[in-house]
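Student: sequence and predicted structure, then a few things I'm wondering about:
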Amino acid sequence: MAPSLEDNNNNNKSNSIAAVAGGGGGGTIGEEMTTVKSRVTVVGSGNWGSVAAKLIASNTLKLNSFHDEVIMWVFEEMLPTGEKLSQVINRTNENVKYLPGIKLGKNVVANPDLENAVKDANLLVFVTPHQFMEGICKRLVGKLRADAEAISLIKGMEVKREGPCMISSLISEQLGINCCVLMGANIANEIAVGKFSEATVGYRKSKEIADKWVQLFNTSYFAVTPVQDVEGVELCGTLKNVVALAAGFVDGLEMGNNTKAAIMRVGLREMKALSKLLFPSVKDSTFFESCGIADVITTCLGGRNRKCAEAFARNGGKRSFDELEAEMLQGQKLQGVSTAKEVYEVLRHRGWLELFPLFSTVHEICTHRLPPTAIVEYSEHNPKYSLVGGPAKF
Ligand SMILES: NC(=O)C1=CN([C@@H]2O[C@H](COP(=O)(O)OP(=O)(O)OC[C@H]3O[C@@H](n4cnc5c(N)ncnc54)[C@H](O)[C@@H]3O)[C@@H](O)[C@H]2O)C=CC1
Ligand SMILES: O=C(CO)COP(=O)(O)O
């Protein structure tokens with residue numbers, strides 16, 4: 001593991017003593033007192049995980065309330081050169097596999113040992129593909145500081161016998177820690193080069209904790225807004241990936257912009273309806289935050305789910321998503337296909353399939369039970385479903 005970078009960065013922040021009154025490190029010795037600085041670990045180092053580490057690292061250098069060093073847990077893999085990914089990240093300061101060409105910041109330290117990476121963290125940022133989180137949580141039970149706070153940037157859910165389990169709940173329940181979420185219109189490669197984006201932090205009770213997360217992520221080109229609606233924010237981030245697949249099918253079928261807009265409208269309506277059925281506390285206003293309408297738009301225009309679904313439809317649904325993912329994403333993972341299955345299971349179990357024609361049809365297309373054309377024809381093919389003006393009127 002690389003040595004600590006605390007001692008050799010060139011920044012204006014005072015490292016061991018922080019002025020509390022007024023902040024900014026400008027106090028005299030008499031006014032100063034030691035503050036408890038939070039240590040941050042990012043659990044995940046894919047495309048978004050690497051960008052999140054970069055954003056955070058630019059802020060920890062500037063802000064007195066955080067230790068400079070940001071640890072980034074890396075799921076270790078060998079590169080074609082025969083080197084380990086974590087070693088190459090620490091040597092080059094770049095995640096050459098998942099975010100090539102972008103410097104992460106010298107204070108980002110890659111660590112392939114999960115338990116060691118989290119043991120001292122006050123603030124844990126979870127950002128792996130959702131399917132790996134159950135296993136990661138099992139490994140972390142009893143390994144965290146008791147006062148650790150978490151945030152999940154993960155767009156996805158698990159389905160248990162009792163019903164859907166959001167990833168923030170999985171983290172909270174398995175690890176016994178509070179967990180906020182950060183979702184939004186956040187295509188990682190765009191943020192990596194400093195193009196402006198907004199994001200939404202969803203929190204349950206403590207506005208103080210939400211503000212701490214905003215402070216950690218907010219930059220001149222990444223504008224973060226806190227919203228007291230953790231379920232609404234997380235369900236937006238999760239469900240929009242299913243809508244993105246539908247948009248990709250429409251692109252692959254060359255249906256044009258009006259059809260795609262119709263898909264986005266119906267998709268947003270189903271997102272809102274399902275979120276409110278599952279969690280009646282979900283607020284309408286959340287759907288107008290970055291995590292809602294804005295993420296639907298950006299993902300349906302430029303996301304990976306859209307891209308693979310377009311290829312799927314162009315091939316008439318003959319190639320599997322697993323094959324397309326492996327070929328087109330070089331190790332990055334789709335979330336929409338498994339989320340469509342998870343949503344379908346919830347809908348079937350609760351007898352709601354007919355209320356959600358878009359969500360239901362996406363899964364049936366992904367599993368080859370309906371052709372890609374069914375995304376716009378399913379009222380004809382399958383009269384129990386009707387897309388335009390159909391159910392989900394809540
Ligand atoms: N990439 C993007 O633009 C955005 C992604 N997200 C969300 O962030 C989450 C993480 O996505 P990315 O960082 O983009 O990841 P990614 O899809 O780019 O990379 C896959 C990651 O999974 C890791 N991995 C592979 N097998 C593993 C295993 N068995 N156990 C643990 N990790 C394993 C890989 O090492 C790699 O870090 C997802 O939920 C995604 O929806 C959210 C906003 C934007
Ligand atoms: O969540 C995203 C943008 O906000 C990225 O979506 P994809 O995983 O489809 O690329």
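Tutor: Structure's in. What do you need? Ligands and ions are numbered 1, 2, ... in the order given.

Student: only C-alpha atoms from now on, for both contacts and neighbour counts.
Tutor: Fine.

Student: count of residues packed around Ile102?
Tutor: As a burial measure, the neighbour count of Ile102 was computed by other Cα atoms under 10 Å and equals 18.

Student: again, but for Asp68
Tutor: Asp68: 30 surrounding residues under other Cα under 10 Å.

Student: how about the one 10 residues further on?
Tutor: By the measure other Cα under 10 Å, the count of residues near Met78 is 11.

Student: how about it: what's its closest non-neighbour residue?
Tutor: Using Cα to Cα, 6 or more residues apart in numbering and skipping residues adjacent in sequence, the residue nearest Met78 is Lys84, 4.7 Å away.

Student: now that neighbour: phi and psi?
Tutor: Recorded main-chain torsions at Lys84 are phi -80, psi 140, according to degrees, to the nearest 10.

Student: distance check, it against Gly46.
Tutor: In this structure, Lys84 and Gly46 are separated by 15 Å, where distance is defined by Cα to Cα, to the nearest Å.

Student: for Gly331, same thing?
Tutor: In this view, Gly331 and Gly46 are 9 Å apart by Cα to Cα.

Student: which one's more surrounded, those two?
Tutor: For the pair Gly331 and Gly46, the greater number of neighbours falls to Gly46 (22 against 13), based on other Cα under 10 Å.

Student: wait, that one touches Pro100, no?
Tutor: No - using Cα atoms under 8 Å, Gly46 is not in contact with Pro100; the gap is 10.9 Å.

Student: up against ligand 2, what does this structure have?
Tutor: Contact residues, the chain versus ligand 2 (Cα under 6 Å from any ligand atom): 184-187, 295, 299, 303-305, 334.

Student: in helices only, show me those residues.
Tutor: Secondary structure assignment by DSSP state H places 295, 299, 304-305 of the residues of the chain next to ligand 2 in helices.

Student: now do stretch 375-392, average pLDDT.
Tutor: Model confidence over stretch 375-392 averages 57 on the pLDDT scale.

Student: do stretch 37-44 as well
Tutor: When pLDDT is averaged over stretch 37-44, the result is 98.

Student: need the contact partners of it.
Tutor: 49-50, 52-53, 64-67, 69-75, 114, 117-118, 120-128 (Cα atoms under 8 Å, 6 or more residues apart in numbering).

Student: and what of stretch 217-233?
Tutor: The contact list for stretch 217-233, computed with Cα under 8 Å, 6+ apart, reads 52, 55-56, 59, 166, 180-183, 191, 194-205, 207, 210-211, 214, 275, 279, 281-283, 286-287, 291-292.

Student: report the buried members of those residues.
Tutor: For these, a neighbour count by 16 or more other Cα atoms under 10 Å gives the buried set as 52, 55-56, 59, 166, 180-183, 191, 197-204, 210-211, 214, 275, 282-283, 286-287, 291-292.

Student: so how far is stretch 210-227 from its chain's centroid?
Tutor: 15 Å (Cα atoms, centre = their mean, to the nearest Å).

Student: using PDB, list the CA coordinates for that stretch.
Tutor: What follows is stretch 210-227 as a C-alpha-only set of coordinates in PDB (Å, rounded to 0.1, in the frame of the first residue of the first chain):
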ATOM      1  CA  ALA A 210     -26.600  15.800   4.800                       C
ATOM      2  CA  ASP A 211     -24.700  19.100   4.900                       C
ATOM      3  CA  LYS A 212     -21.500  17.300   5.600                       C
ATOM      4  CA  TRP A 213     -21.900  15.100   2.500                       C
ATOM      5  CA  VAL A 214     -22.800  18.200   0.500                       C
ATOM      6  CA  GLN A 215     -19.600  19.800   1.700                       C
ATOM      7  CA  LEU A 216     -17.600  16.700   0.700                       C
ATOM      8  CA  PHE A 217     -18.900  16.500  -2.800                       C
ATOM      9  CA  ASN A 218     -19.900  20.000  -3.900                       C
ATOM     10  CA  THR A 219     -17.500  21.700  -6.300                       C
ATOM     11  CA  SER A 220     -17.800  24.600  -8.800                       C
ATOM     12  CA  TYR A 221     -18.900  22.100 -11.400                       C
ATOM     13  CA  PHE A 222     -20.800  19.700  -9.200                       C
ATOM     14  CA  ALA A 223     -23.700  21.300  -7.400                       C
ATOM     15  CA  VAL A 224     -25.300  19.200  -4.700                       C
ATOM     16  CA  THR A 225     -28.700  19.800  -3.100                       C
ATOM     17  CA  PRO A 226     -29.900  18.000   0.000                       C
ATOM     18  CA  VAL A 227     -33.500  16.600   0.100                       C
END
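
Student: for the protein, what lies in contact range of ligand 1?
Tutor: If contacts are counted using Cα under 6 Å from any ligand atom, the residues of the chain sitting beside ligand 1 are 44-49, 75, 98, 127-130, 132, 153-156, 186-188, 331-333, 335.

Student: among the residues you listed, name the buried ones.
Tutor: Neighbour-count burial within those applies to 44-49, 75, 98, 127-130, 153-156, 186-188, 332-333, 335; the criterion is 16+ other Cα under 10 Å.

Student: these in helices, which ones?
Tutor: Under the assignment DSSP H, these contribute 47-49, 188 to helices.

Student: max pairwise distance over those residues: which two?
Tutor: Comparing every pair within those by Cα to Cα identifies Gly49 and Ala188 as the most remote, at 8.6 Å.

Student: common neighbours of these two, please.
Tutor: Residues touching both Gly49 and Ala188 do not exist when contact is defined as Cα under 8 Å, 6+ apart.

Student: thinking again about what came up before, overlap of the contact sets of Gly331 and Gly46?
Tutor: Counting by Cα under 8 Å, 6+ apart, the shared contacts of Gly331 and Gly46 are Tyr98.

Student: can you show me the strands along the chain?
Tutor: Per DSSP state E, the chain carries strands over the ranges 18-19, 32-33, 38-43, 66-73, 108-111, 123-126, 149-152, 157-160, 163-166, 179-183, 197-202, 222-227.
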